[in-house]
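> Take a look and give me a structure for this.
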Amino acid sequence: MTKAPRTGQRRTEKSAPPRTRAVVVRRGIRSAGIAFDVLSALAAEPEAVSLTAVARRAGLSASQAHRYLASLTRAGFARQNPDSGYYDLGSKAIQIGLAALARTDVFALADPAIAEFTRATGRSTLLAARGPLGPTVVRLHAGRIPVITSIAVGSVLPYLRSATGRVFLSFLPEDETAEEVANELATARMQEPFDIHAIRARVRAEICASVDELLIAGLRATAAPILDIQGRVALVATTMATRAFDPAADAAIAVQLQALCRRLTESIGGHWPASN
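Numbering: from 1, shown residues only. Prediction:
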């Protein structure tokens, strides 16, 4: 006569399938994560790239990267040029990216982040967008020691004499700012002319702009861009300081502002340029 299994045995047999399913689920998540790494590697490149380049950026061997790329290509998330063999993002990846961008409100992302930056540094900070008359202040966060100036929400800042304006000047096509810049030059009272080419070159190299009492007496300012997917300025964040703040801390504050703007740029699908 066959003995019935002990109660403990039955519990062990019944508990085995859930553990097996858990292992499968964990493995599936890891595979998806690697696939996303490969997609991210493709997205990080400015153009179609070789299998070796994708593998290197994703931290995979060439054979691993090839298997994932083959699957992504079949699903439409990647594509391979039949002539060069290089890989690029596929139509489905582009559709998802565009859908995400359509649902992204850059101001809604940037404003609380800039408010936190102001609380952490104690320095007044503004956000500016490009309006019909030029760089326009859309938000102003007061620091621990408020900056008393005529700058307010709605103020239009000059392209040449403000840190904010210089960032717009440097990260917008020249023809889009030519008229406003010409008007500024025609009306400006200056002891020596502005070297616009040098301003653009420096701001693009440093990915920020700083002015010291150029626009308003006693006011120092540093600005950095938040760039969209086309490399255009979506917003500019500018931190301001009076003589009450130690100038020796300005460099560290500028680095923090750039790091924040870079994170915001990447969060909306933009690419942060390489600094020189």
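
> Quick one: distance of stretch 150-164 to the chain centre.
23 Å (CA atoms, centre = their mean, to the nearest Å).

> actually stretch 196-205, not the one I typed
On CA atoms, centre = their mean, the centre of stretch 196-205 falls 21 Å from that of its chain.

> buried sites along that stretch?
Within stretch 196-205, the residues scored as buried using 16 or more other CB atoms under 10 Å are 196, 199, 200, 202, 203, 204. Backbone N, C-alpha and C define where each C-beta goes, glycine included.

> gap between residue 79 and residue 86?
Residue 79 is 10 Å from residue 86, where distance means CB to CB, to the nearest Å.

> Looking at the two, which has the bigger crowd around it?
residue 79 (20 against 16; other CB atoms under 10 Å).

> Show the pLDDT at that one.
As predicted, residue 79 sits at a pLDDT of 92.

> quick one: secondary structure of it?
strand (DSSP: H, G, I helix; E, B strand; the rest coil).

> Which strand residues bridge it?
Here residue 79 sits in beta bridges with residue 88, going by DSSP bridges.

> Pull out the C-alpha coordinates of stretch 213-226 and format them as PDB.
Extracted C-alpha coordinates of stretch 213-226, given in PDB (Å, rounded to 0.1, in the frame of the first residue of the first chain):
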ATOM      1  CA  GLU A 213      28.100  94.600 -12.400                       C
ATOM      2  CA  LEU A 214      27.700  94.900 -16.200                       C
ATOM      3  CA  LEU A 215      23.900  95.200 -16.100                       C
ATOM      4  CA  ILE A 216      23.300  96.400 -12.600                       C
ATOM      5  CA  ALA A 217      25.700  98.000 -10.200                       C
ATOM      6  CA  GLY A 218      26.600  95.700  -7.300                       C
ATOM      7  CA  LEU A 219      25.100  92.600  -9.000                       C
ATOM      8  CA  ARG A 220      26.900  89.500 -10.100                       C
ATOM      9  CA  ALA A 221      25.100  86.800 -12.200                       C
ATOM     10  CA  THR A 222      25.800  83.400 -13.700                       C
ATOM     11  CA  ALA A 223      23.500  81.700 -16.100                       C
ATOM     12  CA  ALA A 224      23.300  78.200 -17.700                       C
ATOM     13  CA  PRO A 225      21.000  76.700 -20.300                       C
ATOM     14  CA  ILE A 226      18.400  74.000 -20.200                       C
END
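
> Now find how far off-centre it is within its chain.
For stretch 213-226, the distance to the chain centre is 22 Å (CA atoms, centre = their mean).

> now stretch 110-117
That offset, for stretch 110-117, works out to 14 Å (CA atoms, centre = their mean).

> Then stretch 251-260?
14 Å.

> what does stretch 233-241 give?
How far stretch 233-241 lies from its chain's middle: 14 Å, per CA atoms, centre = their mean.

> same thing with stretch 109-123?
16 Å.

> what residues does that stretch touch?
124-125, 127, 139, 141-145, 226, 235, 237, 239-241, 245, 253, 256-257, 260, 263-264, 267-268 (CB atoms under 8 Å, 6 or more residues apart in numbering).

> Going by neighbour count, list what's buried in it.
109, 110, 111, 113, 114, 117, 118, 121, 123.

> Mind jotting down where the helices sit in the stretch 51-200 of the chain?
Remark: helices assigned in the stretch 51-200 of the chain by DSSP state H, counting those that start in this stretch are 51-58, 62-74, 91-102, 106-121, 163-171, 174-187, 196-206.

> what packs against the last one?
Under the contact definition 3 or more CB pairs under 8 Å, 6 or more residues apart in numbering; DSSP states H and E, helix 196-206 sits against helix 163-171, strand 209-212.

> Which of the ones you listed has the highest mean neighbour count?
Ranked by mean neighbour count, the helices and strands packed on helix 196-206 are led by helix 163-171 with a mean of 27 (mean count of other CB atoms under 10 Å).

> That one versus helix 174-187: what angle between them?
Orientation check (axes from the mean of the first three to the mean of the last three CA atoms, to 10 degrees): helix 163-171 against helix 174-187 gives 140 degrees.
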